[in-house]
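# Okay, predicted coordinates and the sequence, questions at the end:
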Amino acid sequence: MKKVLIVDDDITIQRLLEFILRKFDVDVLISGDGDSAIELIKSEKPDLVFLDVMMPGKNGIEVCREIKANPELKDTYIVMLTAKGEESEIKDMFDSGANEYVPKPFSPSEIMSIVKKVIYKE
Amino acid sequence: MIERVIKIYTDKFSQFSNTEFAVVDEKGKMIARTKNFENFEKSVKVELNSNYGKIYLYIKGSSDVEREVQLLKFLYTELLNYEGYIENLVQELAHRQEELGIVYDIIAKASLVFDESEIVKIIIDKIRSLISPRACVVGIFESGRLNQKYTSGEILRETSEDAEKLIEKAIETRNFVISSVEYQGRVKGMLAVPMFSGAHQIGGIFVCDEGRNFETADAKLLLTLGNYAGIILYRNKLIDEIKRTEALKQEIEIAKRIQENLLPKKIPECEGLDVCAFIKPSSSVGGDYYDFISNGKKNAFLVMDVSGHGIGAALLLSSLRSVVRLMYEITPDISELLSAINRVIYKDTSEIGMYSTIFMCEYYPEGFFVYSNAGHVPPILFKRDDGSMFELEIHGSPIGLFDDEKYGSDRIEFSKGDIIVAFTDGVTEARNSNGEFFGVERLKNIIAQNFEKSSDEICDVVVSEVMNFQKDVEQKDDITLLILKKI
């Protein structure tokens, strides 16, 4: 089964994304910080990662940079989640290798269309 | 001016000396002479070099003519040098006066304006009147990046690139930068100055012109202008921030009032049921809410948590409250009620990314509850007979997330001493200074240790434990509790 990882320190966002992802036949993995996210990506090799930019400790951009620099994991599809007002970080996000970004608050249809595109190639 | 000075000093010298002499410019024109000087016969000619060209002294011989020549030569050389120094000072003074004029003009005009683009327009107009460049760029830092927000004149792509490089260099050195390039066979002069307000980097100004290089005097003027423009733009930024903060405060106040006014004013009388409800809004006001509804036959209780904060959350909350109350009158089943509410609300929320969780339960005095859940954190059920605890898990997405969501319901037996604790994530996600969550387990422990108490007392213990846990850490979310106990 395809795996999707949610990385966000905000439990409300974790829960919201989980509700949306439950609409699909995928394994949902959840992480609340950058370091454990990297470990999960290494061990579980998810097909798709929703990665929050602003997290205490290692932030999303640092996590993305580390994953994309790893030859075994560089193809992991990473979607950055940004809060309103973080638009100035868009360049940093893409420089870190992120595939796309979704600003918060996001609508379920935005998340669902990414899942359909990345997991089901629709 | 120099001729006038030479005349005055020649008169003065003649009062202290009997030497006859005259001062003549390089064209042969006599500038001044002593009263006793009648002609140039038998006079010694002395050449003096000055900023005003050559000056000649014609000195009539006397017994000690050599000494007189040396003395006059020394005096007039000093006079001419001194005059040059004075003239430089006068020029400097004129420059300062011009700078003061710029400062006064900018402060007088821009201090009455509170719109950034208007302020920059005033600055650009001043630049045009001072140095008439072909193009002008005002770059301002926004979110750490230099945005070339305002331009005047013809700005080509390469001009924009030059502007960025030169402004960055000017900011780095905190001084003006003059540069020039050959452009289509013509020289293109460029000049950039930084804009600071104290240690705060505000941005920079860039000007360019074809066919001329900028002078240091242009640069100094622009630097002065940049200094004051930086201060005015920074002042404007601070005013904007204050306005935004004030607007936010007002919004929070309005949201707080909406939230407070919507809450039920009193706890309903329910046969065999001890009810307590509590809400502690956070400083930013979230979208927590609880309600008691009756259709005349049954009593329903609900806790909801609307996503987001401020007026947006308060408005959605208000609309949800009305829809729930209205539909409870006409829909007999609470799972159907949630499905219907979702269909209504989804149309308004789907595109703006807002949603709400709702836990709803109906009380039957015969001794049971029927509950349904739209994505809310599962409430805890405490069973008095064996002290067991359950989380009332039943799947359902938050209201407003999917248009086709169908909600289910479940029934639980509710005997004497049994307790339901419904809450919002502000309780379990309260953090301490180490970043740890209060969590569901702590909440369960409190229930286990205080089940003999009334719903009010249990609520007090939970709230005080959460507050003790958070200590000085800011409360990020509303804290809401609904406690139902069978008596």
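Received the coordinates, thanks.

# mean confidence for stretch A:51-69?
Averaged across stretch A:51-69, the pLDDT comes to 92.

# is it anywhere near chain B?
Yes - judged by Cβ under 8 Å from any Cβ of the partner chain, stretch A:51-69 and chain B are in contact via residue A:56. Backbone N, C-alpha and C define where each C-beta goes, glycine included.

# for residue B:363, what are its contacts?
When contacts are counted by Cβ atoms under 8 Å, 6 or more residues apart in numbering or on different chains, residue B:363 touches B:270, B:273, B:298, B:299, B:300, B:301, B:369, B:414, B:484.

# For chain A, give me the ranges with low pLDDT.
A:84-88 (pLDDT under 70).

# Chain A contacts on the stretch 301-450 of chain B?
So the stretch 301-450 of chain B meets chain A at B:307-308, B:350-355, B:375, B:397-398, B:401-402, B:425, B:429, B:435, B:437 (Cβ under 8 Å from any Cβ).

# Just the buried subset of these, please.
B:307-308, B:350, B:353-355, B:375, B:397-398, B:401-402, B:425, B:429, B:437 (16 or more other Cβ atoms under 10 Å in any protein chain shown).

# export the contacts of residue B:363 to TSV and tack on distance to residue B:120 and neighbour count?
Output for those, formatted as TSV (distance: Cβ to Cβ, whole Å; neighbours: other Cβ atoms under 10 Å in any protein chain shown):
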residue	distance to residue B:120	neighbour count
B:270	65	16
B:273	66	20
B:298	65	15
B:299	63	20
B:300	59	21
B:301	58	24
B:369	64	22
B:414	68	25
B:484	62	23
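
# out of the residues you listed, which are inside helices?
Using DSSP state H to define helices, no part of the contacts of residue B:363 is located there.

# Close to chain B: what parts of chain A are there?
Counting by Cβ under 8 Å from any Cβ, chain A comes close to chain B at A:11-12, A:15-16, A:19-20, A:22-23, A:56, A:87-88, A:104-109.

# Tell me who's in contact with residue 77.
Unless you meant another one, I'm taking chain A. Contact analysis of residue A:77 by Cβ under 8 Å, 6+ apart lists A:47, A:48, A:49, A:99, A:118.

# meant chain B actually
Per Cβ under 8 Å, 6+ apart, neighbours of residue B:77: B:48, B:50.

# Excluding residues flanking it in the chain, which one is nearest the residue of the stretch 251-400 of chain B found nearest chain A?
Chain A sits closest to residue B:353 of the stretch 251-400 of chain B, with a gap of 3.2 Å, by Cβ to the nearest Cβ. For residue B:353, ignoring the flanking residues on the chain, the nearest one in space by Cβ to Cβ, 6 or more residues apart in numbering or on different chains is residue A:105 at 3.2 Å.

# secondary structure class for that neighbour?
Three-state assignment for residue A:105 (DSSP: H, G, I helix; E, B strand; the rest coil): coil.

# can you tell me which residues contact it?
B:307, B:308, B:352, B:353, B:354.

# what's the burial count for residue B:422?
27 (other Cβ atoms under 10 Å in any protein chain shown).

# How about the secondary structure of it?
Three-state assignment for residue B:422 (three-state DSSP): strand.

# any idea of the mean pLDDT for stretch B:120-128?
On average, stretch B:120-128 scores 87.

# Residue A:22 and residue B:401, how far apart?
To residue B:401, residue A:22 is 11 Å away according to Cβ to Cβ, to the nearest Å.

# Let me see the ranges of the strands in chain A.
Taking DSSP state E as the test, the strands found in chain A are A:3-7, A:27-31, A:48-52, A:77-82, A:100-103.

# picking that back up, which of the contacts of residue B:363 fall within strands?
B:273, B:299, B:300, B:301, B:369, B:484.

# is it true that the second one touches residue B:361?
No - if you go by Cβ atoms under 8 Å, residue B:299 and residue B:361 don't touch, sitting 9.5 Å apart.

# Can you give me every residue that contacts the nearest residue to residue A:28 once chain neighbours are set aside?
Leaving aside its sequence neighbours, residue A:28 sits nearest to residue A:21 (Cβ to Cβ, 6+ apart; 4.8 Å). Contacts for residue A:21 were tallied using Cβ under 8 Å, 6+ apart; they are A:4, A:6, A:28, A:111, A:115.

# swap in residue A:32?
Going by Cβ under 8 Å, 6+ apart, residue A:32 touches A:7, A:8, A:9, A:11, A:14.

# The third one: what's it in contact with?
By Cβ under 8 Å, 6+ apart, the contact set of residue A:9 is A:32, A:33, A:52, A:55, A:56.

# now with 6 Å?
Residues in contact with residue A:9 (Cβ atoms under 6 Å, 6 or more residues apart in numbering or on different chains) are A:32, A:55.

# May I ask which of the contacts of residue A:32 has the most neighbours?
residue A:7 (30 neighbours).

# Quick check: it touching residue A:33?
No - with contact defined as Cβ atoms under 6 Å, residue A:7 and residue A:33 do not form a contacting pair (7.9 Å).

# Tell me where the stretch 251-400 of chain B has helices.
B:310-330, B:334-349 (DSSP state H, counting those that start in this stretch).

# Quick check: which of these is buried the most?
Among those, helix B:334-349 has the highest mean neighbour count (mean count of other Cβ atoms under 10 Å in any protein chain shown), at a mean of 20.

# in terms of contact, does residue A:111 touch residue A:20 like I think?
Yes - assessed by Cβ under 6 Å, residue A:111 is found in contact with residue A:20 at 4.9 Å.
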